Every structure is written in structure tokens, then in C-alpha cells.
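Q: pasting the sequence and the predicted model now:
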Amino acid sequence: MDEEPVQFPSGALSLEGRLSIPAAAARAAIVCHPHPQYGGEMDNSIVVATAAALGRRGVATLRFNFRGVGRSEGRYGEGRGELEDARAAVDRLRDELPNAPIALGGYSFGAMVALLAGHGHAEVDRLFAIALQVSMFDVCAIAGSAKPKLFLAGDRDPYCPYTALEAVVSGLAGENVLHRLGGADHFLSGFEEEVGEAVSRFCAPAG
């Protein structure tokens, strides 16, 4: 996957990211990383594998560091600042591809940020959530969103119990897809390729 380093604004801050635009890309996606205060950053293996799988399907991608991570300016924004960062990433990708549908998603904390930032964002076409921490997420915020949504979780994930995720998803509006990762826990070690392929199929559907 050919990526270039980029800096883009989020309010008064400058964020660092990695941008990939395959030739003739007609779709685009943003992948948000896990919690900044627990080692989450854009080079997380799930984030990288997901972006790479999207790229193989010709989808333009942007992965980036939230404020206070790596070379991104600022400090942890208690979730609110990270929502601003995700929306800023949408703006940055829109500048590159003015007419491409944009998917917004992420892993763990990044999944929560993506759902909250993207469900009502006019520029976001679809949403994906990898290992959403359901016990910490207010599902009411996105319950009415009709955008297509993909949820992926391991059946051994204590932070995203699969049965609890099923119950959450059953109450959501719109088209919602569940992908069960048999044998996976929250860290998804060894499941990078499966996660990436599932997300890329969802973000670049045939036809």
C-alpha cells in the first residue's frame, strides 16, 4: 500500500496521518485508532491491516493520530476533541476526493468515535465499528441513523460481548451487518486479515 505522510488541521491543532489514494479510487474510508491513553495510535496492527485491505480494493484511505498522539498536536480531548479530529479527517479526505462516498470507522475507542462523529455527518456514507465497547457506548445517540453499518467483534471479547452487541444492533435503524470473529478477544491478535477483508467488502460492495 502506497501511503504518504500528511498533516491536516483540527481546529487550531495539526494532526498527522497517512493517506493512500489508489489510481481511479471511487470510494474512500477513514480508520480511527484505539484509545490514546492505552497505547492506541495509527500504526496499530488492526488499523494498518484494515487500511491495507481497503487499498487492495481500490479504496482511498486515511489513518491518523488523534490529538496528543505521535506528531499530532494537543492532548487527549476526553472523547469530545477526538470527535472533532474524526470530522476533520473527513474534511481532509473530501478535499482529495470531492465526489467519493466516504466510510468512517475504527477499532475499540476509535469505533465509538467514528459512530458518534459519522452517524449525522452529511459527508459520511457508511460506518464500521471493530470491537465496539458496548458497555461504554450510548447507543441511543445513533439509534435512528439509517446509514449502512458494519459491526465486527470476537466471541471472546469481554469488552464487546457478542450477545450484547447483537442486542444493540437489533435496535438500530437502517442496514446493519454483524461479523462474528470466532475465537477472537478484544485485541484481535491473528485476526487482522479477516477484519480487513470484512471491512473492505463492506466499504467497497460489488456493483
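A: Arrived safely.
Q: run the chain-centre distance for the helix-or-strand element of the chain with minimal mean pLDDT.
A: For the chain, using mean pLDDT, DSSP states H and E, the weakest element among its helices and strands is helix 162-170, scoring a mean of 95. Computed by CA atoms, centre = their mean, to the nearest Å, the separation of helix 162-170 from the middle of its chain amounts to 19 Å.
Q: stretch 60-68 now?
A: Here the centre of stretch 60-68 is set off from its chain's centre by 10 Å, with CA atoms, centre = their mean.
Q: doesn't Ala24 fall inside a strand?
A: No. Secondary structure assignment (DSSP: H, G, I helix; E, B strand; the rest coil) places Ala24 in coil, not in a strand.
Q: returning to what we had before: ok, then the element right after the least confident helix or strand of the chain?
A: Tracing the chain C-terminally past helix 162-170 and defining elements by DSSP states H and E, one meets strand 176-181 next.
Q: now do the helices in this protein.
A: In order along the chain, the chain carries the following helices (DSSP state H): 45-56, 80-96, 109-118, 162-170, 192-203.
Q: which parts of the last one are buried?
A: Okay, so that is helix 192-203. Judged by neighbour count using 16 or more other CB atoms under 10 Å, the buried positions of helix 192-203 are Glu192, Glu194, Val195, Gly196, Glu197, Ala198, Val199, Ser200, Arg201, Phe202, Cys203. Bear in mind the C-beta positions are built from the backbone N, C-alpha and C, glycine included.
Q: do I have it right that the first one meets Val47?
A: No. At 9.5 Å, Glu192 does not count as touching Val47 under the criterion of CB atoms under 8 Å.
Q: show me the shaky parts of this protein.
A: For the chain, residues meeting the criterion pLDDT under 70 lie at 207.
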